[in-house]
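Chemist: Generate a structure from the sequence data that follows.
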Amino acid sequence: MMSLINKLLQSFGYVLLKKQELKSGTPVQGITKYDHANARGKAGWGLDTELRNAGKTAWLEIGTGGRDDDGFIKVDILDFPEGQAPANYRKLDIINAKDEELTALGSFDLIRMQHVFEHFTPEDGLKVLNNCSKLLKPDGYILVSTPNIDIVIDHYLKGTIREINNGWGKERIGEDAPDSFVFSIFTHSVLSEPHMWCYNGEGLVHQFKKTNMYKDITVLNMDHPLASIPFTHNRPAEDVVVLARKK
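Modeler: Numbering: from 1, shown residues only. Below is the predicted model:
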C-alpha cells in the first residue's frame, strides 16, 4: 500500500516518508539527500531536536544569522544604535575575547558558526576554536559550516558555478562578470566582509584536530541523522559542515 501511495504522490512531485526514515540517514528511494535533510528540518528532526529532548538548550550563535527568536544567544562585533540591539545579542570579539569576558557570557551546550569561520584567518580560526572550547559545557557540541571549496571548484570546472551563486556579490563584480570572477567571490567575498581562508571537510577537520580540544570530529553530510535544513545546513548547495564535541 505504501509503495502504491508513493507512486501516486511521486507523479505530483511528492514522496511519503515514515518517521523512522526521517530520523535516520538511510537513503530513501525517490528523494535526494537534500530533500531528505529538508524534510527532516521541516518535521523537526535532527541535532536541534536531539538537544532539546536532552534538555540541552543553552545555544550560542557566533555571528548574527538566523532569527532573534530561534533560541540562540548571538555574539558579534557589530555596534547597534543605543536601545536597538536584539535582546539576545551580546557584543563580543570572539578572536580576542578575554577569559573574564567568556566567563561572563556563560557556558553552552551548542555553539554554531554558519558561514562565519571563513572570515577568520587560519591563525585566528584556531584562537576562535580555543575560545569556543572555554565556552562549551563538557561534551558540548560545536557546529561549523563554510563554503566547501571542493564544491565550488567542481561547479567552476563544469561551468555551473552561477547555479550556486544566486547573484551573491554581483554589486562587486557586475552582472557581466566571467565565471572566474564568480568563483573569486566564493574565495574572497565582498570588501566589507572578506573571506580569509577556504575550506573543505579535510581542512575544517584539520583545524579542529590542531586545537586538541575536541573529539568526535565529524563531517556532517546531509544524509547524517543529525543533519537538517536550515539548522545544520543553511546553504546546502555549497556547505561543508563539521560537528564536534568538547573533550
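
Chemist: I'd like the distance between Ile185 and Arg235.
Modeler: 13 Å (Cβ to Cβ, to the nearest Å). For the C-beta atoms, the positions are set from N, CA and C on the backbone; glycine is no exception.

Chemist: Tell me which of those two has more neighbours.
Modeler: Just comparing Ile185 and Arg235: by other Cβ atoms under 10 Å the higher neighbour count belongs to Ile185, 21 against 18.

Chemist: distance of that one from His115?
Modeler: Distance from Ile185 to His115, by Cβ to Cβ: 13 Å.

Chemist: Which parts of the longest helix seen in the chain count as buried, going by neighbours?
Modeler: Across the chain, the longest stretch assigned as helix under DSSP state H is helix 122-135. For helix 122-135, a neighbour-count test (16 or more other Cβ atoms under 10 Å) marks Asp124, Gly125, Leu126, Lys127, Val128, Leu129, Asn131, Cys132, Ser133, Leu135 as buried.

Chemist: now stretch 199-218
Modeler: For stretch 199-218, the buried set under the neighbour-count rule, 16+ other Cβ under 10 Å, comprises Tyr199, Asn200, Gly201, Gly203, Leu204, Val205, Gln207, Phe208, Thr211, Met213, Tyr214, Ile217.

Chemist: How about stretch 135-149?
Modeler: Going by 16+ other Cβ under 10 Å, stretch 135-149 has these buried residues: Leu135, Leu136, Gly140, Tyr141, Ile142, Leu143, Val144, Ser145, Thr146, Pro147, Asn148, Ile149.

Chemist: ok, now stretch 172-184?
Modeler: Ile173, Ala177, Phe181, Val182, Phe183, Ser184.

Chemist: Looking at those, which are in helices?
Modeler: Those of the buried residues of stretch 172-184 lying in helices (DSSP H): Ile173, Phe181, Val182, Phe183, Ser184.

Chemist: sorry, back to before: which of the buried residues of stretch 199-218 sit farthest apart?
Modeler: Using Cβ to Cβ, the pair of those lying farthest apart is Asn200 and Met213, separated by 21.4 Å.

Chemist: Provide a list of residues in contact with Thr232.
Modeler: Ala37, Gly46, Leu47, Leu143, Ser145, Leu220, Leu226, Val241, Leu243 (Cβ atoms under 8 Å, 6 or more residues apart in numbering).

Chemist: Pop out the phi and psi values for the fourth one.
Modeler: Right, the one you point to is Leu143. phi -120, psi 120 (degrees, to the nearest 10).

Chemist: Now Arg40: closest residue in space, sequence neighbours ignored.
Modeler: Using Cβ to Cβ, 6 or more residues apart in numbering and skipping the chain neighbours, the partner closest in space to Arg40 is Ser228 (4.4 Å).
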